[in-house]
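Participant: Have a look; sequence and predicted model below, questions after that.
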Amino acid sequence: MHAQKSARKILLMRNVLLKSIIMLLLAAGLSIDVMAQADVDSPYSLFGVGQVRDKSMNARLQGMGGTANALYGGGMINAENPASYAKIDSLAFLFDAGLYFKSSTFSTSNLSEKSANASFDYVSMAFGVMPWWRMALGVQPYSTSGYTMLVKSSVPEVGNIATRFKGAGGLNQAFLGNAFKIGKHVAVGANVHYVFGDTQTETTLYFPDSAYYIGTRRSVDLMVSSFMFDYGALCNFDVANDIHLSLGLTYTQKVRLKGKQTLFVRSFEEDVDTGVEFVIDTVSNQTNSTKITMPQGLGFGVALQKDNRWTLGADFNWMQWSKFAREGASDVLQDAWSVSAGGEFIPRHTSVTGYFSRVAYRIGGFYERGFICLPGNDGGEHHINKVGFTAGMSLPLPKTLSKVNLALEVGQYGTREAGLIQERYLKVNVGVSVYERWFMKRKYK
């Protein structure tokens, strides 16, 4: 009898895992296809491997300023700190998916341009393996690149020169995470990320006034297929009745991503009447293996929460981007750090008649000192920083523990000083968190 129960449990676990993988692959295919269509991002995605996305992919966390290092529970999958998986109900299966819409205004001291894009943002799932072991897996973008810029200048002996910078693509990541309980108050976890994707950058030089200089186009196609790793620890303590203090620590390992890079350089002439280009010569066309050194990072968080009532949290994160290196590129990046804080409040989660009393309301904010530092036309160095404020809510679905999460972010990235570019944006995140008890034995009459 005991052997039959064990066999049924193993079969159930296998079916659950198989169903999870199928759902994940289907959603991943959709997310990658849609993410590839998001071709307008930021002119600052020119640097590094593009604009690196926030790891706190859950829409609930995004509504709290991206605060995540010490947060857990609430039927959410917190990939920022893999140790948080250990706090998921052992009988639960969680599925979380989201998308976002972003509207931006890019401006200098005398020019302005608007853009908008939407993308499937993330998909993830988590479940219990053993009473002391939880597992999570998912897909999300790691970085995005999308820009087109035209810079005009003049050289006395040459005349007018126009340089066009263009970039597209991005890197995605599929992750598998495991978390383990160590006693009652401590948990540890780790994520393995498979990073894949490609970016295309193109620099074109035009000489519209010269009969002696011909145009040149340099294209670089980077394809990445490699692994990254991050780790987490979580400690929680009871400080009063139903009130818990938690401390979170995260570490991102320094790695060298492997990939292939194709360099294609050609010269051309352009018909001034039709704009049609005629290729004159292929200067270079070569594909080589390449490596990208990705930096280590450290994060710390603290949170205080009362069960089913309120949550307060704050984070500090640091990434050693000064150690970033890419073969064949000359990007010089700076170490980056960020601070964030946020809170959540549920008026009365057991209310039967008042729906909005069961809604979770959130607010937060963040400041990020970015890894880009550029010279301005004033001769000084300017950090490209980011600041934003967030708000959000969770809408409970009837007769279930599942929820629809909404988050709104208003922010500013960069500066208009010294001839640089500033982005002001509005971002809306929508996520669906499905909570099911797959491992509970059902009773039939």
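Facilitator: Arrived safely.
Participant: all helices in this protein, in order from the N-terminus.
Facilitator: Applying DSSP state H to the chain gives helices spanning 2-35, 59-62.
Participant: which stretch in the ones you listed has the least confidence?
Facilitator: Ranked by mean pLDDT, those end with helix 2-35 at the bottom, a mean of 44.
Participant: What about Gln51, how many residues nearby?
Facilitator: 22 (other Cβ atoms under 10 Å). Using the backbone N, CA and C atoms, a C-beta is placed for each residue, glycine as well.
Participant: cool, Phe278 as well?
Facilitator: Residues near Phe278, counting by other Cβ under 10 Å, number 10.
Participant: Phi, psi for the spatially most central residue of the chain please.
Facilitator: In the chain, the centroid-proximal residue (Cα atoms, centre = their mean) is Arg53; its distance is 2.9 Å. Main-chain dihedrals, Arg53, degrees, to the nearest 10: phi -80, psi 160.
Participant: now stretch 356-370, how far from the centre of its chain.
Facilitator: Taking Cα atoms, centre = their mean, to the nearest Å, the mean C-alpha location of stretch 356-370 is offset from the chain mean by 17 Å.
Participant: Next: stretch 149-167.
Facilitator: 34 Å.
Participant: Straight-line length of that stretch, end to end?
Facilitator: 9 Å (Cα to Cα, to the nearest Å).
Participant: Any figure for the gap between the closest residue to the residue nearest to the centre of the chain other than its chain neighbours and Ser219?
Facilitator: Nearest residue to Arg53, sequence neighbours excluded (Cβ to Cβ, 6 or more residues apart in numbering): Pro141, at 5.1 Å. Remark: distance between Pro141 and Ser219 (Cβ to Cβ, to the nearest Å) = 23 Å.
Participant: again with Phe389
Facilitator: Separation of Phe389 from Ser219 (Cβ to Cβ) stands at 39 Å.
Participant: just Asp238 next, same as before
Facilitator: 59 Å.
Participant: ok, those two, which is more surrounded?
Facilitator: Between Asp238 and Ser219, counted using other Cβ under 10 Å, Ser219 has the larger neighbour count: 17 against 11.
Participant: Enumerate every residue touching that one.
Facilitator: 200-202, 262-265 (Cβ atoms under 8 Å, 6 or more residues apart in numbering).
Participant: and if we set it to 6 Å?
Facilitator: By Cβ atoms under 6 Å, 6 or more residues apart in numbering, the contact set of Ser219 is 202, 264.
Participant: now Thr67
Facilitator: By Cβ under 6 Å, 6+ apart, Thr67 lies in contact with 313, 315, 340, 342, 364.
Participant: Name only those of the residues you listed that count as buried.
Facilitator: For the contacts of Thr67, a burial check counting by 16 or more other Cβ atoms under 10 Å picks out 313, 315, 340, 342, 364.
Participant: Dig out what Glu344 forms beta bridges with.
Facilitator: Thr311, Arg362 (DSSP bridges).
Participant: i'd like the first residue to be 34 from this point on
Facilitator: OK, 34 is where the count begins now, so the last one is Glu377.
Participant: Which pLDDT value goes with it?
Facilitator: Reported pLDDT for Glu377: 97.
Participant: How much space separates it from Gly346?
Facilitator: For Glu377, the distance to Gly346 equals 9 Å [Cβ to Cβ].
Participant: go on, Leu278?
Facilitator: Distance from Leu278 to Gly346, by Cβ to Cβ: 11 Å.
Participant: Met352 now?
Facilitator: 20 Å.
Participant: Likewise for Glu310?
Facilitator: Counting by Cβ to Cβ, the gap from Glu310 to Gly346 is 54 Å.
Participant: Please apply the same query to Ile454.
Facilitator: Going from Ile454 to Gly346 by Cβ to Cβ gives 32 Å.
Participant: How about Val272?
Facilitator: Taking Cβ to Cβ as the measure, Val272 and Gly346 are separated by 15 Å.
Participant: Could you do Tyr105 as well?
Facilitator: 10 Å.
Participant: got it, and His226?
Facilitator: To Gly346, His226 is 24 Å away according to Cβ to Cβ.
Participant: same deal with Leu434?
Facilitator: Per Cβ to Cβ, Leu434 is found 22 Å from Gly346.
Participant: now do Gly108
Facilitator: According to Cβ to Cβ, Gly108 stands 17 Å off from Gly346.
Participant: how about the strands of the stretch 334-478 of the chain, start to end?
Facilitator: Listed in chain order, the strands of the stretch 334-478 of the chain (DSSP state E, counting those that start in this stretch) span 343-352, 358-359, 369-378, 393-402, 406-408, 414-416, 419-429, 436-447, 455-469.
Participant: chain center to the third one: distance?
Facilitator: Yep, that's strand 369-378 we're talking about. 16 Å.
Participant: Now it: buried residues?
Facilitator: Within strand 369-378, the residues that count as buried by 16+ other Cβ under 10 Å are 369-371, 373-377.
Participant: contacts for it?
Facilitator: 97-100, 343-352, 354, 393-397, 399-404.
Participant: 7 Å - rerun?
Facilitator: 97-100, 343-352, 354, 393-404, 423 (Cβ atoms under 7 Å, 6 or more residues apart in numbering).
Participant: where are the low-confidence patches of the chain?
Facilitator: Residues of the chain that meet the criterion pLDDT under 70 lie in 34-73, 88-89, 107, 304-309, 472-478.
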